[in-house]
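> sequence first, predicted coordinates after that:
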Amino acid sequence: KTRVYRFGNKTADGNSKMKNLLGGKGANLAEMSAIGIPVPPGFTITTEVCTEYNSLGEETVIELIKEEVEQSIANIETQMGATFGDKDNPLLISVRSGARVSMPGMMDTVLNLGMNDEVVLGLAKRTNNEQFAWDSYRRFIQMYGGVVLGMKPESKDDIDPFEEIMEHLKHKRGIELDTDFTIQDLQDLVYDFKEAVKRRTGHDFPTDPWDQLWGAIIAVFNSWNGDRAVYYRNMHGYPADWGTAVNIQAMVYGNMGDNSGTGVCFTRDAGTGENIFNGEYLINAQGEDVVAGVRTPQQITKIGSQRWAELATVDEVDRAENYPSLEELMPKIFIELNEYQDILEKHYRDMQDMEFTIQDGKLWILQTRNGKRTGAAMVKITMDLLKEEMINEKEALLLIEPNKLDELLHPVFEPGALKRSNVIAQGLPASPGAATGKIVFFADEANKYKSTILVRIETSPEDLEGMNIAKGILTARGGMTSHAAVVARGMGKCCISGAGALKIDYKNRTLTVDGHEYHEGDWISLNGSTGNIIEGKVATMEPELSGEFGELMNLADKYAEMKVRTNADTPRDAEVARSFGAQGIGLTRTEHMFFEVDRIKAMREMILADTVKGRKQALEELLPMQRSDFEGIFEAMDGLSVTIRLLDPPLHEFVPHQLATQKELAEDMHITLQAVKNKVAELEEFNPMLGHRGCRLGNTYPEITEMQTRAIIEAALNLKERGKICRPEIMVPLVGTVKEFEMQEQLIRATAENIFEERQDRIDYLVGTMIEVPRAALIADLIAEKADFFSFGTNDLTQMTFGYSRDDASKFLPIYIEKGILKVDPFEVIDEEGVGQLVKIGTERGRSAKPNLKVGICGEHGGEPTSVEFCYNTGMDYVSCSPYRVPIARLVSAQAAI
Ligand code: PEP
Ligand code: MG
């Protein structure tokens, strides 16, 4: 079995298809090398070795790969003409992690490995650059110390132990920038760093390059199980046994003087999707300088520079003039880079995110990957690639990440409110969207308020969880490729980076702009599309489905077989859903209509009534209100099917539980307070979710079913009179026995017949049931003999199959997921293994009795991508989901059919 794969010199053992084995980075390095892109030579230790490490331990694994690693290092030595650990002509290497999917900032990197007190002199001699050699040495100790030896800040208020030493020296020497250090300073730093390591770890810093290498390899393996990686994996549902590969590569240097540099570039705009080559670079710098956001980087292209200058502060523009674009500064290198970006995008047929280094006038490509992008950019890039005929329609649909569409379906700032708003500063538009929230300064406090904006000088991978919770992210430092920017775009989260005008004081928890001080808890708003930072809370509005997004949806409909309906309780919801392309309503929860102030009274009177007559009287009052609701919904749906469910929740939800309201009700109804109290006590249940609800209500209080049926049928007839068609589908909830359904069905049909008689007119309608009690799924064949359609209520079906109370599961589900008892929340993603079986059985048995039985789903799962795919595979006719998820479900429906 091969555990080590080599690449370099325009050849490679692996290729881009081997992502599972070589990790994304390793597979791409191999592929790039094979297609003639100049990548520094190196090799990849496979992800399988990571898994072997986890089960066999360090010693055994080193034994397994020792020989292959040694030979591969020798191979790099030959190609670079330098020797690992040699004091005259040393080869230095980088060690990076690389899982099969990109996990930004998750895993650790060590650069300049192979350095020690002798090697540094050799490097200085060979490059004729003592400054550079010592700078590389101090960077190496810093990174190796942090990543491998655990030299991290001890608490969140603490700064990095190495940074602290550097700050101290800067202060003493009266200098500001890292580049101001003299050779002597750097030598002092190296000494102090090593002392700090010894003090904290109790061991000398390793001087033997091979010890360093093995330490780094093991550290990469360990980082796969680090807190941040585990959090990210759980967030995305990536299994622990994927493991990470280790990429080892010859170092090339961007910090060898003014003829060197390093940068990051995108073949298209990751924020907007425009087909514009763009990126950032720094002269005389090493890789992490660009993303760390310590220096503000310069643009790759001349146009990029101009655009950037329009947004930048005067101070930044001044600095930019000292560092023009790469296109102007190194035209030959730019042309070459431009060629490679073109080759790579065409080769991978997707937008690429590339890293490059210029070492003493020679361009090296360090990495390429499919670039992270915002939802808007994803749609634009995909539709453009389709128009450019780089991909076909099916490929285009498959390039869309369903959940990312969500970003396009969320509010933007209201133009009017935006005009009146007070822009206090501007940063880089790092990740578009609108966010409004209260200021917090620490990632682990991102949930301190309901909506927060995380304000940081810069972010680091430790902040990931908080970034995910916050509504938006604002940083004072860093470019478009800073950690904050890249991660935010990946999350689809609004982000503004590099807002240099902000003065952030963590200790006092303040943010100062132009002498104005803002505090933790103050509202601010971010416009991630323009970079504007706005004082206070700005009103937002609903997005629209137009342009490329509309084209994409049309394309999805062309391939989709399963229909997408919506869950909507009001005409407004129905309209929103239709504008998102809903093909009907799969669930109208009628109880929501009773909660409005003027209706709840009539509802309460109905519940409190002691006699059938009293109940009927109260229901009479409710009838016109329900009827007009239904008319509104039918109108909005304009001829499409509308499923209306009869009253479902337990009655106690409607009665007042507070004394003041009870008194009010007693007065209104001219009954005693005690009578109200008695009724409330009588309705109380130990487990309302399994209590007197669903068709159990309709069967004990048939008047309710009668009234609701009348409202539905009369509404439909009224519309018919106005020349409009509507197709009501009346749905009975929580059925568990045939008789339960039968009694409701007979009542509904009898009521409808009465109305047809009265009106001397009729309409077509269906009577069906929800399948949400496990027993109903098991006897689905018997129910289907009577029912016109089934709709799976997977919320209740999940509750009853697992025996997890919907209302109480949040107390233990997070712990279950953390402990790995469950992979995901089954109320969010359908549990195919268990609940899914009941859905399959229910569908099969139902159709065995009635082959053309219409089957759908209306539980929350109807808008969740993997669950939608499951529904397609089960053979459902439609899924029904909340209006904002309709486009996502339409896309998944198409993807499933492809
Ligand atoms: C369900 O149980 O899945 C359902 C759609 O009904 P509700 O959520 O209203 O109980
Ligand atoms: Mg239900």
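All right, it came through fine. Numbers count the residues shown, from 1 in each chain. Ligands and ions are numbered 1, 2, ... in the order given.

> for the residue in the stretch 601-750 of the chain positioned nearest to ligand 1, which non-adjacent residue is closest in space?
Proximity of the stretch 601-750 of the chain to ligand 1 (Cβ to the nearest ligand atom) peaks at Asp648, 5.6 Å away. For the C-beta atoms, the positions are set from N, CA and C on the backbone; glycine is no exception. Distance criterion Cβ to Cβ, 6 or more residues apart in numbering; nearest residue to Asp648, sequence neighbours excluded, is Pro733 at 4.4 Å.

> buried residues in stretch 448-455?
Using 16 or more other Cβ atoms under 10 Å as the burial criterion, the residues of stretch 448-455 that qualify are 449, 452-455.

> hey, where'd the strands end up in the stretch 451-600 of the chain?
Listed in chain order, the strands found in the stretch 451-600 of the chain under DSSP state E, counting those that start in this stretch are 452-456, 472-475, 494-497, 503-505, 510-513, 516-519, 523-527, 532-535, 540-541, 563-567, 585-589.

> quick check: which of these is buried the most?
Of all those, strand 494-497 has the most neighbours on average by mean count of other Cβ atoms under 10 Å, namely a mean of 32.

> what about that one, distance to the chain center?
A distance of 15 Å separates the centroid of the chain from that of strand 494-497, by Cα atoms, centre = their mean, to the nearest Å.

> what do you get for stretch 618-626?
On the basis of Cα atoms, centre = their mean, stretch 618-626 is displaced by 44 Å from the centre of the chain it belongs to.

> ok, how many other residues are close to Asp444?
13 (other Cβ atoms under 10 Å).

> between the buried residues of stretch 448-455, which sits nearest Met743?
Tyr449 (50.2 Å; Cβ to Cβ).

> skipping its backbone neighbours, what lies nearest that closest one in space?
Excluding the flanking residues, the one nearest Tyr449 by Cβ to Cβ, 6+ apart is Lys438, at 4.3 Å.

> state the distance from the residue nearest the centre of the chain to Gly271.
Taking Cα atoms, centre = their mean, the centroid of the chain lies closest to Met491, which sits 4.3 Å from it. Counting by Cβ to Cβ, to the nearest Å, the separation of Met491 from Gly271 is 14 Å.

> and Arg722, by the same measure?
Relative to Gly271, Arg722 is positioned 48 Å away (Cβ to Cβ).

> also Val119?
Here Val119 is placed at a distance of 42 Å from Gly271 (Cβ to Cβ).

> now Thr109
In terms of Cβ to Cβ, Thr109 sits 25 Å off from Gly271.

> of these two, give the one with the bigger neighbour count.
Remark: of Thr109 and Gly271, Gly271 carries more neighbours, 24 against 18, as counted by other Cβ under 10 Å.

> on the three-state scheme, that one is what?
Recorded secondary structure, Gly271: coil (DSSP: H, G, I helix; E, B strand; the rest coil).

> mind checking how far it is from Ala99?
25 Å.

> around ligand 2, which positions in this structure sit nearby?
772, 793, 796 (Cβ under 5 Å from the ion).

> right, and the last one touches Val773 too?
The one in question is Asp796. Yes. Counting by Cβ atoms under 8 Å, Asp796 does reach Val773; the two are 7.0 Å apart.

> fine by me, thanks again.
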